[in-house]
Every structure is written in structure tokens, then in C-alpha cells.
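Student: only the shape, not the letters, is given here:
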């Protein structure tokens, strides 16, 4: 199979347009986030990784020593493994085909988990057609938070990039606490601070519902693979995707961590 390539530092990442859920564009904002929030750590895991745009970029820019990637899509996993082989990263990168965390060995321990996970609610058919976007009933998030603690080193961080058009931080607060994790913060980059916990009023709940309804036609366009391929399968898109990114204002970061007996282990 012939893959497209995007280069981060010395790592050339293999991908197909249909595998790009945003990691190649607004997902690169993670570089600034990790530098500012945790600094370099020993081992990063990218959840719902696709071909690993975020994880490989963090590795290439020296923000971890080891990287683990996992995705439910065999084509994404295949592309990530091509990147590992072509860049000689076998001793630093592991790639798993996994439904959530179910098929990842218990021996995997991480200092930081990053992801731009599926975040729009929907039904089973929509999930099947757009697994990068749809999380029916937020079950993917629930299972992740339920299972991740056993993989986190003491004080290990989870920093998810979420879509404010689809969710608010309150959608995940109880999941985080039920998992025995500490809710640290919620924030946006290059914008005003977002309070970590707030109670939605009836007015704000109605406003949120209206925004979600208004965005539904946009969601349906994003789920159209023919349109997506027309947009992404061209030299202009690939060129723009490697340039500095104009980050969508609706993306926010949800930060939690495991109970901390020590600070996050910095890589020596």
C-alpha cells in the first residue's frame, strides 16, 4: 500500500487521508500543551491513536523516551507499524490493535496519556461509519477511565483534547472521580481560562443543546468519506497540514492524573 507521509523532526509518519481525525492539524497543539503542563516524561501513550500523529510528534520533539499507540482500526494500526519499521523505532515504540484498553498488556505503564478521542454522541450505525468522531453514550470514555488507572505510573497524567461543540467538562467529571483519578484542570490554549468545575444552569444547558443541534449538519458532512477524501486527498491539504496550525476554538483539554506519591517521573 502507498502511504502519504508527514514529517515531525526525524520521524516520517505514514498515513492515509481517511485515518486523519485531526491529529495532523489541530492535534499538533499538544506540543505546546505538554511543554507547558508536564514537560518531558518517560513514557507516553496515545489512546485512539489512528496513525499516531500526536504521539510520534511528541516523541520526535523529545517530549518522551518511549511511546505506545493503540487503536481499534486495523488500518490505523498497520500504518503506525509501517512508521515504526521505516524509522527504526522498534526499541522505543509499541503499537497495539485494541478495543479501548482491553487488549493492552498489564505490563504497559505510562507517565502520560494523550488523545483526541471520539466525542460526538450518536447511534451504532453512525459509530460504525465514523469511529473517529462518534462515542455513543460516551461508552468509550467510560471504559477508558474505568481501566486506565492500572496502566498509570504514580502521578501519571491524562490530558485529553475534547470538542466543546460536543461535550462540556462536566460530562467527564464523575467518570474521572469514579476511576479514582484526580481532576486537575480544564483549559484551552491561547484563550481565556475555562473553570474546571461549574454547574450548568438551565440557560447554559439549553444553549449547549442548541449548539449541538446546529452543528449536526456539520457532523454529517464530517462523516461523509467521499467529501473527506476530496478535501484531504490533495497536495494543498497536505502542505497546509505541515504548516503552523490555526487551532479551532472549540477544542479544550481535560486534565486528570493518578494519585500522586511522587511527581511525574521525568526522563533523565
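Tutor: Arrived safely, thanks for sending. Because the structure is predicted, anything quoted here is derived from the model rather than measured.
Student: which parts of the stretch 1-150 of the chain are strands?
Tutor: In the stretch 1-150 of the chain, the segments counted as strands under DSSP state E, counting those that start in this stretch are 4-8, 11-15, 41-46, 64-71, 93-97, 110-115.
Student: just the helices in the stretch 1-150 of the chain please.
Tutor: Using DSSP state H, counting those that start in this stretch, the helices of the stretch 1-150 of the chain run over residues 30-37, 53-60, 74-86, 124-129, 139-148.
Student: low-scoring pLDDT stretches of the stretch 51-200 of the chain, where are they?
Tutor: In the predicted model, the stretch 51-200 of the chain carries pLDDT under 70 at residues 191-200.
Student: ok, now with 80
Tutor: Filtered on pLDDT under 80, the stretch 51-200 of the chain yields the residue ranges 122-123, 125-130, 190-200.
Student: pull the contacting residues for the residue nearest the centre of the chain.
Tutor: Centroid-nearest residue in the chain, with C-alpha atoms, centre = their mean: residue 115, separated by 1.7 Å. If you count contacts by C-beta atoms under 8 Å, 6 or more residues apart in numbering, residue 115 has them with 46-49, 54, 160-161. Every residue, glycine included, has its C-beta placed from N, CA and C.
Student: rerun that using 6 Å as the cut-off
Tutor: Residues near residue 115 by C-beta atoms under 6 Å, 6 or more residues apart in numbering: 47-48, 160.
Student: closest one to residue 254 out of the residues you listed, please.
Tutor: Among those, residue 160 lies closest to residue 254 (C-beta to C-beta), at 4.6 Å.
Student: element containing the residue lying closest to that closest one once chain neighbours are set aside, please.
Tutor: Leaving out its chain neighbours, the residue that sits closest to residue 160 by C-beta to C-beta, 6 or more residues apart in numbering is residue 254, at 4.6 Å. Per DSSP states H and E, residue 254 falls inside strand 251-257.
Student: could you spell out the sheet neighbours of that strand, each with its direction?
Tutor: strand 152-163 (antiparallel), strand 182-187 (antiparallel) (DSSP bridges).
Student: so which of those is the most packed in?
Tutor: Highest mean neighbour count among the strands paired with strand 251-257 (mean count of other C-beta atoms under 10 Å): strand 152-163, with a mean of 22.
Student: where's residue 57 relative to residue 177, distance?
Tutor: Relative to residue 177, residue 57 is positioned 31 Å away (C-beta to C-beta, to the nearest Å).
Student: what do you get for residue 56?
Tutor: 32 Å.
Student: more neighbours: these two, which one.
Tutor: More crowded of residue 56 and residue 177, by other C-beta atoms under 10 Å: residue 56, with 30 against 13.
Student: quick check: the more buried one touching residue 12?
Tutor: No. Between residue 56 and residue 12 there is no contact under C-beta atoms under 6 Å: 9.1 Å.
Student: list the residues that contact residue 100.
Tutor: Residues in contact with residue 100 (C-beta under 6 Å, 6+ apart) are 143-144.
Student: give me the neighbour count for residue 78.
Tutor: Residue 78 has 18 nearby residues by other C-beta under 10 Å.
Student: correction: the previous question concerned residue 12.
Tutor: 16.
Student: could you number the chain from 3 rather than 1 from now on?
Tutor: I'll keep to 3 as the first residue from here, and by that count the last item is residue 14.
Student: identify the residue nearest it in space, chain neighbours excluded?
Tutor: Nearest to residue 14 is residue 7, by C-beta to C-beta, 6+ apart, at 5.0 Å.
Student: next: residue 188.
Tutor: residue 171 (4.2 Å).
Student: the one you found: neighbouring residues, count only.
Tutor: Residue 171 sits with 22 neighbouring residues when counted by other C-beta under 10 Å.
Student: many thanks, I have nothing further to ask.
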